Structure formats: structure tokens, C-alpha cells
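Student: what's the 3D shape of this:
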Amino acid sequence: MDENMNTKLPEVSTHEPSERSRWIAALSYVGFLCFFSLWKSKNDPFVKYHARQGFLLLLGECIILIMTVILDLTIGRLRFIGVLIVGLIQLIAGLGALTLSVIGFVKALFGEYWHLPFFGDYREKIPGFHKEVS
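Tutor: As a prediction, this is how the structure comes out:
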């Protein structure tokens, strides 16, 4: 079995998340709407789980955007090979981010917990917009 599968998933309750919770969780994978999901995740562990992952995905997308701009301003100035390298990096990064967003959206919409590759381990370090309820 894969070592990444041993990551900590939240306690799964016996009841399925409501349709409203599933839609709010799915919206967290659509760019800046993750902030709306973080705001609405007060007492819902399902929404909180996906909202934190959506925020991590947005953060990763911003970091990749900054890196590609820097590469474009440096290596991209080369006539042919620079444009080709930067274009390929942008294409791969964009398709990867789009793929992760679509998978996360669909998994949340179907009420499933899904571990985001690369960033999912940092999910519990993302604070919400409100105090934790014990």
C-alpha cells in the first residue's frame, strides 16, 4: 500500500454531509471562493476539510504563477528555447492545477473526503476565520 495513504483523515461521521455542505465544500476548489468556504466551515468538519485543501491549492497556484513569471522574465528572454521551456512549464502547471481543482470539486460534491496530493499533509495547519469549537 502507498505510504501517503497513511495520512490522517478526519473522523468520518455516520451521516452523510448535507447537500448544502457538499456544495460549499466543492466551491472551495474554485479559486478565491475557498475564503467563502473557510468562513462557512464553522461547525462542519466536511466543509472545513475541503476548504483548507482548497486554500492550499490556491496558495500553490499563486506560488507557481510567481515562479513562471520569474522564469518568463529570465529564461523566457531567450529566442526559441526559452519561450519553449517557459511555455511547457506554464502548460504543465496550469493543467495540473486545473486537474486537481476539478477532482477536488467532484469529490466534495459527491460527499467524499479526498487527500490533496503534495499539499494535503499541511491541511491541519490552516486556521479558519473563527475560533475552534470544542
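Student: quick one: buried residues of the lowest-mean-pLDDT helix or strand in the chain?
Tutor: Lowest mean confidence among the helices and strands of the chain (mean pLDDT, DSSP states H and E): helix 34-40, at a mean of 82. Within helix 34-40, the residues scored as buried using 16 or more other Cβ atoms under 10 Å are 34, 36-38, 40. (Glycine included, C-beta is placed from N, CA and C.)
Student: any idea which residue sits dead centre in the protein?
Tutor: For the chain, the residue nearest the mean C-alpha position is residue 57 (2.8 Å; Cα atoms, centre = their mean).
Student: for that one, which non-adjacent residue is spatially closest?
Tutor: Setting aside the residues directly before and after it, residue 57 is nearest to residue 100 in space (Cβ to Cβ, 6 or more residues apart in numbering), at 5.9 Å.
Student: roughly how far out does the one helix or strand that neighbour maps to sit from the chain middle?
Tutor: Per DSSP states H and E: residue 100 is located in helix 81-109. The chain centroid and the centroid of helix 81-109 are separated by 12 Å under Cα atoms, centre = their mean, to the nearest Å.
Student: now that helix: average pLDDT?
Tutor: Mean per-residue pLDDT for helix 81-109: 91.
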